[in-house]
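Undergrad: Next one to model:
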Amino acid sequence: MNKNRSQHWIEIFDKVTAFMENNLEKWNSIDEIRRTYDDFVNNLNKITEIQPELERDLSPLKKELTEKKQLLLQRLFPVGNILDVYAEDHNISKQNRALVKERKQLESLGNRELLDHASRLHRLIDKYMHRDEKQKPARRKISPGKDIQRYGLTQAMMDGLHSAIHQFQSALELRKDVSTYRKKVKKKRDGLIRANRRLLKNRMNKLMSVFSGTHPSLYKEYMGLGSR
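TA: So this is what the prediction gives:
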């Protein structure tokens with residue numbers, strides 16, 4: 001249920017509540033109207049309780065995610081370029097060289113794609129920066145750490161990239177958690193709205209028709225609230 005439609009029904013519920021409270025002495029003696037109204041108010045109270053979560057401003061979360069993404073791009077860009085030059089000199093496999101991307105390519109990646117790309121690139125370079133000179137891997141495509149550092153890559157740059165990856169990941173997970181929770185709250189709110197609409201349509205509107213003959217103006221005012 002979209003925001004405008006849900007707000008429309010909440011406003012109707014509020015009008016119905018105000019009307020019923022103002023005319024309590026006329027209907028309070030009818031047990032089933034009272035029981036139905038109690039259920040109606042109980043649902044409305046629950047809606048009122050959870051509604052602020054759906055109206056909470058999420059712009060700070062979005063801003064933080066954007067800032068962490070820019071930080072990651074900033075630290076990823078030079079590391080990728082160094083790997084590109086290094087790869088040219090050391091016959092790195094095409095699969096590993098595919099991790100090198102232009103700035104525009106990096107910016108066009110989705111958030112999850114960027115996180116995955118940055119993590120893979122960091123693992124690849126970190127692996128070779130700390131490779132023991134005595135190791136003899138079956139497929140040695142990158143020389144040991146001291147060699148790659150000749151191209152300007154420093155441990156501080158790698159630590160900075162590692163930190164940026166984790167900050168971006170945390171911001172992503174926080175946004176996901178908030179989004180998931182908000183979807184659950186919205187689903188609950190929409191269910192309560194549907195429940196109250198059913199109470200109005202199937203019970204309250206019909207029960208209130210008892211006043212159509214004895215108190216026609218009262219019944220007309222009630223039906224004019226838009227509860228149908």
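Undergrad: Just the pLDDT for residue 131.
TA: Residue 131 is assigned 56 on the pLDDT scale.
Undergrad: same question but for residue 222, I mixed them up
TA: 96.
Undergrad: cool, residue 101 as well?
TA: With respect to pLDDT, residue 101 scores 77.
Undergrad: give me every residue that touches it.
TA: The contact partners of residue 101, taken as CB atoms under 8 Å, 6 or more residues apart in numbering, are 80, 109, 117. Where C-beta positions appear, they are placed from N, C-alpha and C, glycine not excepted.
Undergrad: which secondary structure element contains residue 5?
TA: If you go by DSSP states H and E, residue 5 is part of helix 3-22.
Undergrad: same check, this time on residue 49
TA: Applying DSSP H and E, one finds residue 49 within helix 31-55.
Undergrad: Report the inter-axis angle for the top helix by length along the chain versus helix 31-55.
TA: Longest helix in the chain by number of residues, with DSSP state H as the criterion: helix 155-199. Calculated by axes from the mean of the first three to the mean of the last three CA atoms, to 10 degrees, helix 155-199 forms an angle of 160 degrees with helix 31-55.
Undergrad: wait, what's in contact with the residue positioned nearest the centre of the chain?
TA: For the chain, residue 179 is the residue whose C-alpha lies nearest the centre (CA atoms, centre = their mean; 2.4 Å). Residue 179 makes no contacts at all, as judged by CB under 8 Å, 6+ apart.
Undergrad: Distance of it relative to residue 58?
TA: 8 Å (CB to CB, to the nearest Å).
Undergrad: One more: residue 32?
TA: 43 Å.
Undergrad: Equivalent analysis for residue 162, please.
TA: Distance from residue 162 to residue 58, by CB to CB: 28 Å.
Undergrad: And residue 12, by the same measure?
TA: Noted for residue 12: a distance of 27 Å to residue 58, by CB to CB.
Undergrad: Between those two, tell me which one has more neighbours.
TA: Neighbours were counted for residue 12 and for residue 58 using other CB atoms under 10 Å; residue 12 has more, 18 against 11.
Undergrad: Many thanks, we can stop here.
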